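K.L.:
Dropping a prediction and its sequence here:
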Amino acid sequence: MTDNNHDIEQPGERVPKRVIGTPSHAATGTPLLGAEERTGPAEVPGVDLQDEATAKKGERIAAFCFLLTFLAGIAFIVSYVAFQVGDLDSAATSNLALGSSLTVALLALASGIVVWVRMVMPKYKLVQERHEMASDGETRAYVGETFLQGAAESGITKRPLLRRTLLAAAAPLGLAPLVLLKDLGPHEYADFPKKLRHTVWGEKTKEGKQRRLVVEGTGAPIRAADFNSPGGILSVVPEGYEHDLNELAKSTLILIKFRPEELKSGTNRNWAPDGIVAYSKICTHVGCPAALYEQTTHHILCPCHQSTFDAADGAKVVFGPAARPLPQLPIAVDGEGYLVATADFPVPPGPSFWERGDAEAEAREKGGQS
Amino acid sequence: MSTGTVPKPIAGTSSFLDDRLGAGNFMRRNLRKVFPDHWSFLLGEIALYSFIVLLLTGTFLTFFFKPSMEHVIYEGSYAPLQGIGMSAAYASTLEISFDVRGGLLMRQMHHWAALLFVAGMMVHMLRVFFTGAYRKPRELNWLIGVGLLTLALLEGLTGYSLPDDLLSGAGLRITEGVAISLPLVGTWITFFLFGGEYPGEDVISRFYSLHILLIPGILLGLISAHMILMWVQKHTQMPGKGRTNKNVVGAPFYPAFMAKAGAYFMFTFGVIALLGTFAQINPIWLFGPYTPADISAGSQPDFYMGFLEGALRLMPSWEVNLFGQGGGTLPLSVLIPALVPMGIIMTGLAVYPFAERWITGDNREHHVVDRPRNNPHRTAIGISAMTFYGVLWLLGANDELSWVLHVSLNWTTYVGRVLVFVAPVIAYVVTYRICLGLQRKDAAIIGHGVESGVIKRLPHGEYIEVHVPPAQDIEAHMRGKEAVPTLPGAGNGSDGVPPKALRGPIGRLRAKMSAAYGGEKIPLDDGHGDGHGHDDHAAVGAGGDDKPAVH
C-alpha cells in the first residue's frame, strides 16, 4: 500500500521557503515528523488549492464559529452555577439554559470545522490503488505449510492422548460459567407452574376468613349494596396484598355490575352476587391490565394489543390476539355485606404458558366455570 | 503558505513513539488514506457518533441512577409524587430529572441518542443493501452489522425498562408475556430472568448490568471490528469518472476526512443536544410508578420495537393445546408475531449476500457500488421487506391511527392483516417497474442526450428540441452500470447440456432464479446512432436488440 503521493518523508534537500506553485521539496533522513523545515502543500494532481480570497473568508467565518463555541461553553458553565434545580419549573429552566448553550457550542464548532474544510483546505480528488483482499498463492502456500509444520512440531496431531485430554479438560471448564447462572432462579423448578396457577384469592386470611375484595389505591372493602351503579367498573385487589406487586400481577380484578337480564350464559351466575361479576384484570394475551371498559357494549379492552372481551358473556374474546376469556373469580357477600372471594380462579389467570395445558377442560371436569 | 518546521513538542513525541512502536510505517501508509465522498456514506456515522454520545451520557446517568427495586417512599422535589411508594430505581430517575443539574438534559439526550443510534443503523443498512455494498469482500462486515442491529434492539429494550415507571413496566410485562409463551422452556426462562415470579425484585438490577456492561461491551467490540474491517478493505465508492474496482478516489484521511468526521460528530452531538433540550421525551414523572395492576391507554414502545408491537396486535387469537390434558399450551398468537417477523427480517438480512452470490455465481470483488435501479430484483426485494416492516410498524400504533383518522380500531387491524401479505407483493412489482423505468431513462440519456431547451426548426418545417450529450461526470456515473451476472449456462438462450451443478431439482431452480435475477434488462447502449440530438426521444424499447423507432 505504498500508493500515496505525499509521504511524510521524501528524499530531497533542505530548502528554506517556497513560493506557491513551485515543486515540493522535503527533508531527508529525519525522525518521524522530524524537526526539519518543510514546504507548503505540494502541487499534486488531485489537490486543488483554494484561492487566497476564499481561504481568508473561510478563516474569518470559522473563527467566528469557534468564538461562538467559546462563548457558549462559558454560558454552559455559568448556567450550571446560575440555575438551581429542585422543582418542575426550575428544572425546566436549567434544562433550557444548559441544553441550548451546549447545542450552540456543539453546532457552532461543527459549522466552523466544516467551513474550515470546505473553504480553507484544498479540494481533493486523490486516487489510490486497491489491491485484492486475497493474499497471493505463494503466501497462502507458505501459511499452509507453516501451519502444518507447527502442528507437527507441537505434537498435537500425532499424540492423541495429549489432544483428547486437552479437549476433555476444556469441556467442564467451558460449562462452569453456565452452571454458575443456575442460582439466578429459585430452586423449586417443579413449583413454577404451581405458582403461576395459584393466587391469594384461594387462601383464607390470617383470621381464617374469606379474603375481601378491596379497591385498588384506597384499600377500602367493597359493600355489595354500595356497588350498585350498573355499568360501573372498579379495579380491585386482594385485601392484605395491596402493595405486593408479584401478587397484583396475577390477582388484580375488574368488578362490573350487571342487571340480571344482561348476563349471558358464559358468565357463572353463582359467582355473581347481586349481578356483580369479578374478572381477572390481567390480559390472557401477554399480561397487560385490561383496563378499558365500554358501557354500552359491555366490552373490556386491553390497551396494549386491543384484545376485546365481552364482560356480559363470561369475558369471552370478541376481538384481538388473546385466545382465552379473562377468568371469572368466584365471589360472594360475607356476613357484613362485603364482597369476598370464595375460591381461587378456576383456571390460571394471565398469559399462557406451556405447563398450563388444557386448564379449561380440567376446570370443566371439576364442575367449575366452563 | 509555507508550513515551516514541525513544532518541537510534536516532533519529540512522535519520535518517542516511533522509536518504540514503529508508528511511522503505519502513518506513512494511512495518513493520506483516501476516503470516497458521497452523502449516503455518512449515514452509518450517525449511528457511530450516537453510540459515543450514548456512552458519555450513559456514564453520567450511572453516577446517579440506583438500579434497585427496593420499595421507598418518594420524598424528592416533584410535589405530585411526594409520599408515594415506588421503587428506588424510579425515585432515582425522578431525582436525576429534578434534583441533579443537567440530569434531565442528559436523560433526554440519552434517550434521543438511543433512537438516533438505531435509526442511523437502519438507514445505513438500507444504503448498504440497496447499493450492493455488502458484496464480496464485505460479507463479514455485513454480518457484524446484522449482529449490531440485533444487539441494539436488545440494548434499547433493557434500557427502556430501567426507570421503572408505568410505561416502562408495561414494556417489561409484554416482554414477560412473550418469554413465558415459549414452548417447554418459557416458564423456566421467565423465572430465571425475573428471579422468581413476575415482576420480582431482581429484574432491574439484572437488566442494568446487561444494559451498561455486557451489551455495550459487545457492541463496542463489534463496532471496533466493523471499523477495522472498513479501514482495511477501504470504503466502496459510487460509480463515476475515473472510479474503478481497482482504485479509490476521494479526500485524504489527514487532514480533510479527519476534520470532516470531527465536524460530523459535533453535528450529531449538537442535534442530540438540541432534541434533548427542546423535544421532551419520556416524561416519566407523568406516568407514575409501575404497578402490574395499571396501565395508561395509548402506551407506545420506542419506534424500533413498533414492528413487534404491530405484529402482536395483528395476530388472530390462535392457541393450541398439545397432547390433551396435562399436555402443553402453545400460544401461537404470541409466539408467531414475537418470533416470525423478526426472524424473517434478521435471517433475511444475514443470508442475503450469500444467497445472491449463490444465485448469480458472482465471486468477484466489488468496490464500485450499484445504483439501486441497476439491480431491480434486489431493490424490489428490499422495498418489499421495508413494506412488510412498515405495515407492522404502522399497525403498532393502530390505536393512534384509528384515533387520528377516525376509523374503527378493529378495521385497522383487519386491513393490516391483509396488507401485511398484499402490500409487500405490490411494493415488489411497483419497485421493479420503477427500476426498469429509471434504467430506460438512463439509456435514453446515454443514447439521445439531454434536452437542451433549444428548439430548432428543420427545413421541412418540423420543430425539434436539440439534445446534447450529458455532462461527463453524469455520463460516467451512468456508465458505471454493470449487468447483474448470471450463472454460466443459466441464460434462456443457452443451448446444450447445462453444467453439472445446474442439473437436478435444486440446480434447475438455481438456474431459473439466476436467469430471472440477473442479466441486462435495459442495455444502456442500444445501437443508437450518433446521439447528436436529431433522433427522437422515445423511450428505448425493452427488447435488447430491436431498433428504436424513428418518427
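P.N.:
Good, I have the coordinates.
K.L.:
so how far is residue B:282 from the closest residue to chain B within the stretch 151-300 of chain A?
P.N.:
Closest residue of the stretch 151-300 of chain A to chain B, Cβ to the nearest Cβ: residue A:286 (2.6 Å). In this view, the C-beta of every residue, glycine as well, is placed from N, C-alpha and C. Distance, residue A:286 to residue B:282, by Cβ to Cβ, to the nearest Å: 22 Å.
K.L.:
Please say which of these two ends up with more neighbours.
P.N.:
Higher neighbour count among residue A:286 and residue B:282: residue A:286, with 29 against 20, using other Cβ atoms under 10 Å in any protein chain shown.
K.L.:
Looks to me like that one is in a strand.
P.N.:
No: counting by DSSP: H, G, I helix; E, B strand; the rest coil, residue A:286 falls outside a strand, being coil.
K.L.:
Make sure I have this right: residue A:250 is in a strand.
P.N.:
No: under the criterion used here (three-state DSSP), residue A:250 is helix, not part of a strand.
K.L.:
ok, for it, nearest residue in space, not its chain neighbours?
P.N.:
In space, and not counting its chain neighbours, residue A:250 is closest to residue A:199: 4.8 Å by Cβ to Cβ, 6 or more residues apart in numbering or on different chains.
K.L.:
likewise residue B:65?
P.N.:
Leaving out its chain neighbours, the residue that sits closest to residue B:65 by Cβ to Cβ, 6+ apart is residue B:92, at 5.2 Å.
K.L.:
how about the residue nearest to residue A:250, what does it touch?
P.N.:
By Cβ atoms under 8 Å, 6 or more residues apart in numbering or on different chains, residue A:199 lies in contact with A:238, A:247, A:250, A:251, A:344, A:345, A:349.
K.L.:
redo that, cut-off 7 Å
P.N.:
Taking Cβ atoms under 7 Å, 6 or more residues apart in numbering or on different chains, we find residue A:199 in contact with A:250, A:251, A:344, A:345, A:349.
K.L.:
so what's it scoring on pLDDT?
P.N.:
Note for residue A:199: predicted pLDDT of 95.
K.L.:
Next, the contact list for the closest residue to chain A within the stretch 451-551 of chain B, please.
P.N.:
Nearest to chain A, among the residues of the stretch 451-551 of chain B, is residue B:473, at 11.2 Å (Cβ to the nearest Cβ). By Cβ under 7 Å, 6+ apart, the contact set of residue B:473 is B:240, B:241.
K.L.:
What parts of the stretch 251-370 of chain A come near chain B?
P.N.:
Within the stretch 251-370 of chain A, the positions adjacent to chain B are A:252, A:281, A:285-289, A:291-292, A:303-306, A:317, A:319-324, A:351-358, A:361-362 by Cβ under 7 Å from any Cβ of the partner chain.
K.L.:
Restricted to helices, list those.
P.N.:
Taking DSSP state H, the ones among these that sit in helices are A:361, A:362.
K.L.:
PyMOL command to pick out the buried ones of the residues of the stretch 251-370 of chain A next to chain B?
P.N.:
PyMOL command restricting those to the buried ones, with burial defined by 16 or more other Cβ atoms under 10 Å in any protein chain shown:
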select buried, chain A and resi 252+281+285+286+287+288+289+291+292+303+304+305+306+317+319+320+321+322+323+324+351+352+353+354+355+356+357+358
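K.L.:
from the residues of the stretch 251-370 of chain A next to chain B, which ones fall inside strands?
P.N.:
Counting by DSSP state E, the part of those found in strands is A:292, A:317, A:319.
K.L.:
give me the beta-bridge partners of the residue lying closest to the first one once chain neighbours are set aside?
P.N.:
In other words, residue A:292. Excluding its sequence neighbours, the residue lying closest to residue A:292 (Cβ to Cβ, 6+ apart) is residue A:301, at 4.1 Å. For residue A:301, the beta-bridge partners are residue A:292, residue A:308 (DSSP bridges).
K.L.:
Residue A:301 reaches residue A:310, doesn't it?
P.N.:
No: with contacts counted by Cβ atoms under 7 Å, residue A:301 stays clear of residue A:310, the gap being 10.9 Å.
K.L.:
More neighbours: which of these two?
P.N.:
residue A:301 (23 against 19).
K.L.:
show me what contacts that one?
P.N.:
Residue A:301 makes contact with A:290, A:292, A:294, A:308, according to Cβ under 7 Å, 6+ apart.
K.L.:
With residue B:195 as the reference, measure out to the second one.
P.N.:
Same thing as residue A:292. Applying Cβ to Cβ, the value for residue A:292 to residue B:195 is 31 Å.
K.L.:
Sketch out the low-pLDDT regions of chain B for me.
P.N.:
Residue ranges of chain B with pLDDT under 70: B:1-3, B:324-326, B:491-496, B:526-551.
K.L.:
Do a quick rundown of the strands in it.
P.N.:
Using DSSP E, strands in chain B cover B:4-5, B:34-35, B:71-73, B:85-87, B:247-252, B:320-322, B:328-330, B:450-457, B:463-468.
K.L.:
what are the pairing partners of the fourth one, and which direction each?
P.N.:
Neighbouring strands of strand B:85-87 in its sheet, by DSSP bridges, are strand B:71-73 (antiparallel).
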